[in-house]
Each structure stands twice: as structure tokens, then as C-alpha cells.
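Student: Could you look at this predicted model? Sequence included:
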Amino acid sequence: MSTPRIPFEQLPEDLREQLRPRVERLGYLGEFFQVAAHQPEALSHFAAFTEALKGALPAPLTEAIALTVATATGNDYERVQHERLALALGIEEATVRALVAGELDRLAPEQRAAAELAAEVVAARGGSCEASYRRLEELVGAEVAVGCLMVAGRYLAHATMSNTWGLQPPVASPLGEGAVHA
């Protein structure tokens, strides 16, 4: 993709400060942020939206959604990042592999329902996902279910942008080559 990448040092100061902890944790500014920085205010709100949802949901649900959407949309950039994050958060490798492979029957009921909602969000292309949403809401309550639906929408938006910009993972999958089956 020809869209220029904006290096960390050239970001507006407030965005640079907002993203600094991420850069320090990873050791680099991800290419997604370098391209999206052409809209710094929107990127700032997108990052804040992401962080607010991470704080509002249990990590296993967020990772189930992120990995399901990333795999279903072919967003390898995000899939690899979330494979690494899920493992770092203590999610078992077998669970991460099951999510990437779409083998949802191996998951805890709440994780499975969150992943099923995420898969339906991708398939529905903006249409209703009421049946999956209701099943999840019965298991986790309205507050968490609303957050899960918002997370799924966030990762679908990320996939659209990443795939349009042709982003590739900056690091290898911790699951090895051929880990993607879905």
C-alpha cells in the first residue's frame, strides 16, 4: 500500500504520549498506528475505545473475539498480535489454537458464546446478530454482552483497515507456520 507511514517521533505530542506505553511494551510502533496516524484525533479515540473495552471485559472473552474476527477476516496482522497477547495473558496455547482453528466446542461456554457472536458479526456484514447476542447475554449479562458486541465491531473495523492497507505481522506467529485453519 502506498499510504506513507508516520514514524512515532513525528506523531502529534498528545498521541505520542498516549501510545508511548504500547511502544515501550512492544519495542516498536505498529504499522496500523503509523498509517492511521494520518487521522490523529480519530486514532486517539480508536485507541481509547480499545483500551476502555479491554478494561471492561475479561481478557479471555476479548481474546476469543479478537482471534475469531482476525482469523475469519484474514487479518494476520492482528491475529499474530493477539496470539502473542493471549499467551502472555496466560490463556492456554490449546485454547488459542482452538480459537484460530475455529474449534469452538473446546472452549468454556462464555468464551464459546463470545467467539460465536464474533463469527456472526463477520458473517452478518452489518446485519443483526441477535440470536448469538442473546445466547451470550444469557451467560454473561447485559453489561458484558454489550461490551463483547462493541469489541467485535472494533476488530471488524480494524480488519477492514489492516487488510485495505496490506499490513503484515511484524513478528512471527507464536503458534508456528500453518497455525491458521479457519
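Tutor: Structure's in. What do you need?
Student: For the helix or strand containing residue 16, which outside residues touch it?
Tutor: If you go by DSSP states H and E, residue 16 is part of helix 13-26. Helix 13-26 has contacts (Cβ atoms under 8 Å, 6 or more residues apart in numbering) with 8, 9, 11, 29, 30, 33, 37, 40, 43, 44, 47, 48. All C-beta spots, glycine's among them, are computed from the backbone N, C-alpha and C.
Student: quick one: low-confidence parts of the protein?
Tutor: 1, 177-182 (pLDDT under 70).
Student: Centre-most residue in it?
Tutor: The centre of the chain sits closest to residue 66, judged by Cα atoms, centre = their mean, with a distance of 3.5 Å.
Student: what's the burial count for the closest residue to residue 129 other than its chain neighbours?
Tutor: Nearest non-adjacent residue to residue 129, counting by Cβ to Cβ, 6 or more residues apart in numbering: residue 120, 4.3 Å away. Neighbours of residue 120 under the rule other Cβ atoms under 10 Å: 19.
Student: ok, now how distant is residue 33 from residue 16?
Tutor: The spacing between residue 33 and residue 16, counted by Cβ to Cβ, to the nearest Å, is 10 Å.
Student: okay, those two: which has more neighbours?
Tutor: Neighbours per residue (other Cβ under 10 Å) separate residue 33 from residue 16, with residue 33 holding more: 20 against 16.
Student: For the more buried one, which non-adjacent residue is closest in space?
Tutor: Counting by Cβ to Cβ, 6+ apart, residue 19 is the residue found nearest to residue 33 once chain neighbours are left out, at 6.2 Å.
Student: got it, and residue 66?
Tutor: Residue 66's closest residue in space is residue 82 (Cβ to Cβ, 6+ apart), at 4.3 Å.
Student: and what of residue 36?
Tutor: residue 43 (4.4 Å).
Student: which helices and strands does the helix or strand containing residue 94 pack with?
Tutor: If you go by DSSP H and E, residue 94 is part of helix 93-101. On a contact count with 3 or more Cβ pairs under 8 Å, 6 or more residues apart in numbering; DSSP states H and E, helix 93-101 meets helix 59-73, helix 76-88.
Student: Could you check the angle the shortest one makes with helix 59-73?
Tutor: Between the axis of helix 76-88 and that of helix 59-73 there is an angle of 150 degrees, by axes from the mean of the first three to the mean of the last three Cα atoms, to 10 degrees.
Student: List the contacts of helix 76-88.
Tutor: By Cβ under 8 Å, 6+ apart, helix 76-88 touches 30-32, 59, 63, 66-67, 69-71, 93, 95-96, 99-100, 155, 158-159, 162, 167-175, 179-180.
Student: Cool, thanks, signing off.
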